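# model the structure of this input:
(one chain, ligands or ions: 3)
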Amino acid sequence: MTQNPKFVILLGPPAAGKGTQATRLSEHLNLPHVASGDLFRYNLKNETELGLQAKAYMDRGALVPDDITIAMVLDRLSRPDCAAGALLDGFPRTLAQAAALDKALAEKGVAINGVLNIIVPDEVLVERVTGRRLCRTCGEPYHIKFNPPKVAGICDKDGGELYQRDDDNETTVQNRLKVYWEQTSPLIGYYQNTGVLVDIDGNQDIDAVTEALKAAVINL
Ligand code: AP5
Ligand code: MG
Ligand code: ZN
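Ligands and ions are numbered 1, 2, ... in the order given. Next up, the predicted model:
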């Protein structure tokens, strides 16, 4: 029996742990991990028009305009592997993006099943951002203190080189946090109103957050 497609959103401020948890949860739910930030970084690495357009916004911690972002993510969701649904990370991030996603899913006769709202205090986020390192090959996030790789500078999964994101500095993160509170946090109320929001305490160790997320998705 084929199951209905499942669409689950990981919502949360910069460095809340969306990417870290998405790797684990996408395996658990057997859904593709669709991360708007990763799609922009992939385009940037390949020097596409879209990547170059997005770079200026990303470098200062501003949001890429809605029309560009919505078109990119809906295109990704239209690929065959998303027929079963998707685990969304970093999208939607504005009310306009949320409305566009609802509309696109409604046209397919489906809707968002759950929104997992990862809560972490701002002061904790700054330390998470500045210590983050990512794999150049697979994008897996690490942290020099909280989640170090087995060998410094090398990805555990594929031996890829670890690097620091251009936007992971103290100045840009302050702007990313401001943008989150102004433009993204209204989504909490938006999804509360449709009854799909679940709050998750993201200020505990990585495995404990994973367990809380797994418990939250049991009934989706
Ligand atoms: P994006 O790539 O989405 O960045 P973000 O939202 O700022 O989120 P992060 O990736 O920084 O954090 P995360 O929650 O994934 O945390 P992670 O698991 O890595 O977006 C980047 C830019 O692209 C935006 O600024 C914007 O310009 C553009 N963009 C993207 N989407 C857009 C959209 N929809 N609309 C418009 N523009 C868009 O963890 C962080 C660190 O903490 C890691 O080092 C990790 O090891 C560590 N860590 C994780 N969990 C824990 C824990 N429980 N305890 C201790 N450490 C932990
Ligand atoms: Mg991320
Ligand atoms: Zn890797």
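# now the residue nearest in space to the middle of the chain: how far from ligand 3?
Nearest residue to the geometric centre of the chain (C-alpha atoms, centre = their mean): residue 89, 2.4 Å. As defined by C-beta to the ion, to the nearest Å, residue 89 lies at a distance of 17 Å from ligand 3. (C-beta placed from N, C-alpha, C; glycine too.)
# and for residue 37?
Taking C-beta to the ion as the criterion, residue 37 is separated from ligand 3 by 16 Å.
# check contacts around that residue.
Applying C-beta atoms under 8 Å, 6 or more residues apart in numbering, we find residue 37 in contact with 19, 58, 89, 90.
# what helix or strand does the second one sit in?
Pointing back at residue 58 there. Here residue 58, judged by DSSP states H and E, is contained in helix 49-59.
# so for that helix, mean pLDDT?
Helix 49-59 comes out with an average pLDDT of 96.
# touching ligand 1 at all, it?
Yes: judged by C-beta under 6 Å from any ligand atom, helix 49-59 comes into contact with ligand 1 at 57, 58.
# quick one: contacts of that helix?
For helix 49-59, contacts defined as C-beta under 8 Å, 6+ apart pick out 37, 40-45, 63-65, 68, 72, 166-167, 172.
# before we move on, the earlier item: for the residue nearest to the centre of the chain, what are its contacts?
By C-beta under 8 Å, 6+ apart, the contact list for residue 89 reads 10, 18, 19, 22, 33, 34, 35, 36, 37, 38.
# which stretches of the protein form helices?
18-29, 36-45, 49-59, 66-77, 95-107, 122-130, 170-179, 186-193, 206-217 (DSSP state H).
# one step back: which of the contacts of residue 89 are close to ligand 1?
18, 19, 36, 37.
# deepest of the helices of the chain, which one?
Relative to the other members of the helices of the chain, helix 18-29 carries the highest mean neighbour count by mean count of other C-beta atoms under 10 Å, namely a mean of 20.
# so for that one, what's the average pLDDT?
Helix 18-29 comes out at a mean pLDDT of 96.
# helices or strands up against it?
Packed against helix 18-29, as judged by 3 or more C-beta pairs under 8 Å, 6 or more residues apart in numbering; DSSP states H and E, are the following elements: strand 6-11, strand 33-35, strand 85-89, helix 206-217.
# dump the ones you listed into JSON lines; add mean pLDDT as well.
Supplementary listing: the helices and strands packed on helix 18-29 in JSON lines, determined by pLDDT from 0 to 100:
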{"stretch": "strand 6-11", "mean pLDDT": "98"}
{"stretch": "strand 33-35", "mean pLDDT": "98"}
{"stretch": "strand 85-89", "mean pLDDT": "98"}
{"stretch": "helix 206-217", "mean pLDDT": "97"}
